[in-house]
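# Build me a structure from this.
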Amino acid sequence: MTIFAGATLISCTNKHTISDEHHLVIERQGSFTVGGQHIKREGIYDGKTFTGFFTPNEAGQTMHVDHAYVDYQIPANARSHSIIYVHGYGGSGMTWTSTPDGREGFATLMLRKGYPSYVMDLPGRGRAGKTSAETTVKPQANEQFWFDIWRIGEWPNYNEGVQFPTDSAAFSQFFRAMTPNIGTGNPANDVATIGLLAERIGANILVTHSAGSLPGWLAAANSDQIKAVVAYEPGAYLFPEGEIPEPIEGLTGGTRGIPVSVDDFKKLVKKPIVIYFGDYIPEEVTHQLGGENWRVRLQMGRKFVEAVNRHGGKATLVELPQIGIKGNTHFLMSDLNNNDLVDLLVRWFEENRLN
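Here you go, the predicted model:
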């Protein structure tokens, strides 16, 4: 199956020809699940009883739960390395596939560069909502809080020069895309599903965002198929046991390094690593929710990069304002200049022979 996206099609003797030189050709696409568990209740199933559609007699019945959902697209003339996209807290794979104002998402822009796309909904999020956890989803009015935390601005004002779309329709679309986490709360589930996907598709580059960084680092340390890691504003970092830096305190709780064995850390540092941070992050302590939340994580990121390189790795931390790319929020992939960030990433791929 071949799909033409973003193209003008002209009918001519029952054939279609492409008049737009910028068309995108998708040769294969689909979805599947990875990981999870199969649970069976004690007893014997009785198909002749009816106790209600939503109150079944579970005896002898099964459930398939705690998996991840994967949406994939393979472009024509695909490059050898696929990309796995992992979302952060409150998000799903939609983080990577579209923007709040309807522009092409990061994964689509990278498809145009020839990179196959595998976009995950981690267990308990989005389309991977079938879970073994018994949980209550509590409605919370918290959008202004997240507006501040994610450095879109300080409510009700947008940050000066911000690259995030500022119209009310985009604001609505952005917050309607948030999804609750109804999973088990066990990070090992996330790590396992990323690892299983990596083994299934072969050589790949892992791209994570925010809270997705922790399972990403752990999966990369344990999968030979993950050849490199790209982390957009990671929320946590691994350090070898005995080399944990001092915690960095901050208004939103600060951050601490997460210890792993020296052997696991050495597995991780064999892979090229790049970390990207956006704008509006202060160096000194402030009373800004967003500034403080990411000040400590940026500073811990510097320590992580130093540790990786000290152990023989190749890690780079890119602070975008320092290279002239300004106005980016925590959701860099949704910002108005996501095209520029894609070009920047592709250059890093080229430098590290990941094409």
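# need the helices for this protein, in chain order.
Under the criterion DSSP state H, helices of the chain are mapped to 94-97, 106-112, 143-149, 168-176, 187-201, 213-221, 262-269, 289-310, 338-351.
# what about the fifth one, distance to the chain center?
This points to helix 187-201. Once both centres are worked out by CA atoms, centre = their mean, to the nearest Å, helix 187-201 turns out to sit 13 Å from its chain's centre.
# So what touches stretch 247-260?
149, 214, 218, 221, 235-241, 244-245, 268, 285-289, 292-293, 295-297, 299-300, 303-304 (CB atoms under 8 Å, 6 or more residues apart in numbering). From N, CA and C alone the C-beta is placed, and that goes for glycine too.
# Any regions of this structure where pLDDT drops low?
By pLDDT under 70, the weakly predicted segments of the chain are 1-21.
# can you name the farthest residue from the center of it?
Largest separation from the mean C-alpha position in the chain: Lys48, at 45.2 Å (CA atoms, centre = their mean).
# Okay, it and Pro56: tell me how far apart.
Per CB to CB, to the nearest Å, Lys48 is found 13 Å from Pro56.
# Also Ile39?
Ile39 is 14 Å from Pro56, by CB to CB.
# ok, so what distance separates Gly153 from Arg297?
When CB to CB is the yardstick, Gly153 and Arg297 sit 19 Å from each other.
# and these two? which has more neighbours close in?
More crowded of Gly153 and Arg297, by other CB atoms under 10 Å: Arg297, with 26 against 19.
# contacting residues around the closest residue in space to Ser117 that isn't next to it in sequence?
Counting by CB to CB, 6 or more residues apart in numbering, Ala107 is the residue found nearest to Ser117 once chain neighbours are left out, at 4.3 Å. Residues in contact with Ala107, defined by CB under 8 Å, 6+ apart, are 73, 83, 85, 96-97, 117, 119.
# can you rerun that using 7 Å?
85, 96-97, 117, 119 (CB atoms under 7 Å, 6 or more residues apart in numbering).
# and if you look at Asp279?
By CB under 7 Å, 6+ apart, Asp279 lies in contact with 320-321, 326-328.
# which of those residues count as buried?
320, 326-328 (16 or more other CB atoms under 10 Å).
# Between which two of those residues is the distance greatest?
Largest separation among the buried ones among the contacts of Asp279 by CB to CB: Leu320 and Gly327, giving 8.8 Å.
# Look at Thr97 and say how many residues are nearby.
18.
# Surely it touches Asp121?
No: here Thr97 does not reach Asp121: they are 10.8 Å apart, not a contact under CB atoms under 7 Å.
# Take stretch 256-274, keep the C-alpha atoms, and write them as CSV.
The C-alpha coordinates for stretch 256-274 follow below in CSV (Å, rounded to 0.1, in the frame of the first residue of the first chain):
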residue,chain,number,x,y,z
ARG,A,256,18.1,13.6,42.4
GLY,A,257,20.3,11.3,40.4
ILE,A,258,19.1,7.7,40.0
PRO,A,259,21.7,5.1,40.8
VAL,A,260,22.3,2.1,38.5
SER,A,261,25.1,-0.4,38.4
VAL,A,262,28.4,0.6,36.9
ASP,A,263,27.9,-2.1,34.3
ASP,A,264,24.5,-0.8,33.2
PHE,A,265,25.8,2.7,33.1
LYS,A,266,28.7,1.6,30.8
LYS,A,267,26.2,0.0,28.5
LEU,A,268,24.3,3.2,28.2
VAL,A,269,27.4,5.4,27.5
LYS,A,270,28.4,3.2,24.5
LYS,A,271,25.6,5.0,22.6
PRO,A,272,25.7,8.6,21.3
ILE,A,273,23.4,10.8,23.5
VAL,A,274,22.1,14.3,22.9
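# show me the contacts for Ile273.
When contacts are counted by CB under 7 Å, 6+ apart, Ile273 touches 229, 308, 313, 315.
# Just the ones of those in strands?
The strands, defined by DSSP state E, take in 229, 315 from these.
# can you tell me which of the contacts of Ile273 lies nearest to Asn204?
Taking CB to CB as the measure, Asn204 lies nearest Val229 of the contacts of Ile273, at 10.4 Å.
# residues in contact with that closest one?
By CB under 7 Å, 6+ apart, the contact set of Val229 is 206, 216, 220, 271, 273.
# let's see 8 Å
With contact set as CB under 8 Å, 6+ apart, Val229 has these partners: 205-208, 216-217, 220, 268, 271-274.
# Show me what it bridges to in the sheet.
For Val229, the beta-bridge partners are Leu206, Ile273 (DSSP bridges).
# Please tell me how far it sits from Tyr158.
For Val229, the distance to Tyr158 - CB to CB - is 31 Å.
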